[in-house]
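**Student:** let's see this in three dimensions:
(2 chains)
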2 protein chains.
Amino acid sequence: MKSAIVLGAGMVGSVMAADLARDPGWRVTVADLRAESLEAAAGRVAAGGAPVTTVRADLSDASAVRRAVEAHDLVLGALPSALGFAALRAVIEAGKDCCDISFMGEDPLELDGPARERGVTVVVDCGVAPGMSHLIAGYEASRLRPCERLDIYVGGLPRERRWPFQYKAAFAPSDVLEEYTRPARCVEGGRVVTREALGEPEPIDFPGIGTLEGVLTDGLRSLTRTLRVPSMREKTLRYPGHSDLMRAFRETGLFSTDPVEVAGARVRPRDLTAALLFPKWTYRPGEEDLTVMRVVAEGTLEGRRVRSTWDLFDAYDRASGVSSMARVTAFPCTVVGRMIASGRVKGPGVLAPEHLGQRAGVLDEVLAALEQRGVRFGGRFEPVGS
Amino acid sequence: MKSAIVLGAGMVGSVMAADLARDPGWRVTVADLRAESLEAAAGRVAAGGAPVTTVRADLSDASAVRRAVEAHDLVLGALPSALGFAALRAVIEAGKDCCDISFMGEDPLELDGPARERGVTVVVDCGVAPGMSHLIAGYEASRLRPCERLDIYVGGLPRERRWPFQYKAAFAPSDVLEEYTRPARCVEGGRVVTREALGEPEPIDFPGIGTLEGVLTDGLRSLTRTLRVPSMREKTLRYPGHSDLMRAFRETGLFSTDPVEVAGARVRPRDLTAALLFPKWTYRPGEEDLTVMRVVAEGTLEGRRVRSTWDLFDAYDRASGVSSMARVTAFPCTVVGRMIASGRVKGPGVLAPEHLGQRAGVLDEVLAALEQRGVRFGGRFEPVGS
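**Tutor:** Reported below is the predicted structural model:
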């Protein structure tokens, strides 16, 4: 029997713990500073698996992280982005294998050296996007010769479209505003270029949902350095109308972090905007969400120009009351975590999902495990006119 | 030779002064606290009329107002809305006839008693809307028997439509945000009802400009009490898209005056929004504006059901560099001011323009005088299917 600890008992961490606890081969611990989150996570697990151990720990403190992970074979990281990098470094220092989804702002590949020194295997950015998007990107980049283009489209959406935003945020609204502001790094003609966030709006028809709109955001992350594909970009999917409104907000200055003098006080407009949006963008209990993702790869296979399209359409799970975003983010991490623990995925070092996608059979195994959990990718393969 | 004083040397007051100064029958004084506004007003007048006298005075002080108006036959009020009521009361106390456009929040008809006591004639809300709108409303309400419906549409717009607002504010943006927030008082079935501001969007085709959108705002003012017309409403005209964006801003809470806690400071969202919008909604020097107004009256004339439509389409005057909004607001006031001075319009008391519109010949005289100044109303008259 193996032992895993999940760092972070939030929306995603609790689903990770439940997934592992359902598996008789695993003994599961969850760590968090928030007692109520631990309690909620334990309750979620109890509904469908063996009981988990909960540990209260301040995971912003590296020594607390090292102590927490000490007795375990595998670490799954599901901390907020601001805590992710320091916690991952502490995990590596403790000599533990890890699979992480914390979407840290720092570059986790910088920890490759320390991970190799300790002989541990770490997979980062291992959720849905980044995560499955990058696994597929790596797969296509290695089987198409050459792969000429990769487009990733992804969005988390409420099932009900409600005026004026037609949007709820599965994560902190402030992170969403950052996504709508930070220039999008794309690859064009083999060079990294930056484009305005929310730019190049494009209608995308999605079976089961209708027409969405894709707009550029800064989601390629490691891909700009790990893959040699001359054209790559990531777009966020929203219901049509949302990005127009957000561009108007941004143009007004509402996303700015430059303080404005207002009635004697200095205010960062983005702070006020986030405060106003937070209650409006929060999912109500039981409110259903959707996750949509499409990865399109173009290139040459056996001498023919082809386009390969991968689609994910996933919905809120009414039976368990677990959001789609939590499931599609947690499961790639628990699946790959198991593959690390079994030796199927080996470092040593820090690996991004696109590294794994280039290894024979890994994508197929991950897709099969996701399908067992109700997360199904569809796709099509077609010739492209020369 | 008669003597007039204009209270307020701003955008509208300076145009009033210039209009009177062009007339050899008048000696003109302009009063304001701001030396640079007085200088600009004097410069504007010098371009086309006799020199004016300028007086620096704090017109938020009633005794200063009384002193300023003392030596004059006629007062034209062009003060900011916050100062209008107190200044008008001081003018009445000083025993002076007055024509005013200050768009005060208070009800100027409350000063009817004092005005009658002093034997002075005061016409208030005497710009374009309220002003010409109400003059026409009074005219139609008295000639149609009965008048069943009055719809007023009015807007000041930049000639160039630019994303995202397609709008500039001829007046303070904070007044515009108030207009977008305060419930609109309408008359339906003979009763005053309130409707959400920016509601009931309606496409309005306007010759020379295309399709605009009319949305409910609280612009009927005195009409709800002065006219017995069972259906009345006022709508603000904007380029299509503007009011949708403003409704989204309002829904977000950006127009709220309830303080929000932001990073330790308490901020009224509307204050921040106004601060951000102010530079974006300000006309650049030479930037051209338009004024559009339509008044539609329905009722019975000589036994037939008819619809009478009045249209104003006025543009920035390139020759003088005077905005359309300043011209169409200033001229009704200078024209009616002259009619007060000549005895053509007589109180005593406080009159709204709709009172004058019910008097034989007044509307025709005002329209003729506006036409001499390049402000032309068109219209049509048509039977309505029974």
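**Student:** any residues of chain A in contact with chain B? List them.
**Tutor:** Applying Cβ under 8 Å from any Cβ of the partner chain, we find that chain A lies next to chain B at A:163-165, A:245, A:247-248, A:251-254, A:260-263, A:265-269, A:271-273, A:275-277, A:280. C-betas here are computed from N, CA, C, even on glycine.
**Student:** which of those fall in strands?
**Tutor:** If you go by DSSP state E, those have A:Val260, A:Glu261, A:Val262, A:Ala265, A:Arg266, A:Val267 in strands.
**Student:** same for the helix or strand containing A:His355, what does it pack against?
**Tutor:** Using DSSP states H and E, A:His355 sits in helix A:353-357. Helix A:353-357 sits against helix A:132-143, helix A:223-226, helix A:324-342, helix A:362-372, with contacts defined as 3 or more Cβ pairs under 8 Å, 6 or more residues apart in numbering or on different chains; DSSP states H and E.
**Student:** how about JSON lines for the ones you listed, with mean pLDDT added?
**Tutor:** Formatted as JSON lines, the helices and strands packed on helix A:353-357 follow (pLDDT from 0 to 100):
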{"stretch": "helix A:132-143", "mean pLDDT": "98"}
{"stretch": "helix A:223-226", "mean pLDDT": "96"}
{"stretch": "helix A:324-342", "mean pLDDT": "98"}
{"stretch": "helix A:362-372", "mean pLDDT": "98"}
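**Student:** what segments of the stretch 51-200 of chain A are strands?
**Tutor:** A:53-56, A:74-77, A:97-100, A:121-123, A:147-158, A:184-188, A:191-195 (DSSP state E, counting those that start in this stretch).
**Student:** want to throw the ones you listed into a markdown table with mean pLDDT and mean neighbour count?
**Tutor:** Shown next, in a markdown table, are those (pLDDT from 0 to 100; neighbours: other Cβ atoms under 10 Å in any protein chain shown):
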| stretch | mean pLDDT | mean neighbour count |
| --- | --- | --- |
| strand A:53-56 | 96 | 16 |
| strand A:74-77 | 98 | 28 |
| strand A:97-100 | 98 | 28 |
| strand A:121-123 | 98 | 27 |
| strand A:147-158 | 98 | 24 |
| strand A:184-188 | 98 | 20 |
| strand A:191-195 | 98 | 12 |
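**Student:** just send those strands back as TSV, with distance to B:Met1 too.
**Tutor:** Listed next are the strands of the stretch 51-200 of chain A as TSV, based on distance: least, Cβ to Cβ, whole Å:
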stretch	distance to B:Met1
strand A:53-56	89
strand A:74-77	88
strand A:97-100	87
strand A:121-123	92
strand A:147-158	72
strand A:184-188	70
strand A:191-195	68
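**Student:** out of those strands, the one nearest A:Glu178 is which?
**Tutor:** For A:Glu178, the closest of the strands of the stretch 51-200 of chain A is strand A:184-188, at 12.1 Å, according to Cβ to Cβ.
**Student:** what's the closest one packed up against?
**Tutor:** Packed next to strand A:184-188, using 3+ Cβ pairs under 8 Å, 6+ apart, are strand A:191-195, helix A:223-226, strand A:231-238.
**Student:** of the ones you listed, which stretch is the most buried?
**Tutor:** Across the helices and strands packed on strand A:184-188, averaging neighbours per residue (mean count of other Cβ atoms under 10 Å in any protein chain shown) puts strand A:231-238 on top, at a mean of 24.
**Student:** give me the angle between that one and strand A:191-195.
**Tutor:** 30 degrees (axes from the mean of the first three to the mean of the last three Cα atoms, to 10 degrees).
**Student:** show me what strand A:231-238 is packed up against.
**Tutor:** Short answer (3+ Cβ pairs under 8 Å, 6+ apart): strand A:231-238 packs on strand A:147-158, strand A:184-188, strand A:202-206, strand A:210-216, strand A:289-301.
**Student:** follow-up on the earlier one: most widely separated two among the ones in strands among the residues of chain A next to chain B?
**Tutor:** A:Val260 and A:Ala265, at 9.3 Å, using Cβ to Cβ across these.
**Student:** hang on, the earlier thing: okay if I get the helices and strands packed on helix A:353-357 as a markdown table plus distance to A:Glu213?
**Tutor:** Formatted as a markdown table, these follow (distance: least, Cβ to Cβ, whole Å):
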| stretch | distance to A:Glu213 |
| --- | --- |
| helix A:132-143 | 18 |
| helix A:223-226 | 22 |
| helix A:324-342 | 19 |
| helix A:362-372 | 26 |
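**Student:** of all those, which one is nearest B:Ala35?
**Tutor:** helix A:223-226 (58.8 Å).
**Student:** quick one: contacts of the closest one?
**Tutor:** A:109, A:134, A:137-138, A:150, A:185, A:187, A:192, A:229, A:232, A:352, A:354-355 (Cβ atoms under 8 Å, 6 or more residues apart in numbering or on different chains).
**Student:** wait, which of the residues you listed is closest to chain B?
**Tutor:** When the contacts of helix A:223-226 are compared for distance to chain B (Cβ to the nearest Cβ), A:Arg185 wins out at 25.2 Å.
**Student:** show me what contacts the closest one?
**Tutor:** A:Val192, A:Val193, A:Thr194, A:Asp218, A:Leu220, A:Thr224.
**Student:** how about the second one: what's its closest non-neighbour residue?
**Tutor:** The one in question is A:Val193. A:Cys186 (5.6 Å; Cβ to Cβ, 6 or more residues apart in numbering or on different chains).
**Student:** distance of the one you found from A:Asp125?
**Tutor:** According to Cβ to Cβ, to the nearest Å, A:Cys186 stands 18 Å off from A:Asp125.
**Student:** ok, now A:Cys98?
**Tutor:** According to Cβ to Cβ, A:Cys98 stands 12 Å off from A:Asp125.
**Student:** please apply the same query to A:Arg67.
**Tutor:** Distance, A:Arg67 to A:Asp125, using Cβ to Cβ: 26 Å.
**Student:** and those two? Which one has more around it.
**Tutor:** Neighbours per residue (other Cβ atoms under 10 Å in any protein chain shown) separate A:Arg67 from A:Asp125, with A:Asp125 holding more: 28 against 15.
**Student:** would you confirm that the residue nearest to A:Val193 contacts A:Lys235?
**Tutor:** No - contact criterion Cβ atoms under 8 Å: A:Cys186 and A:Lys235 do not qualify, at 9.6 Å.
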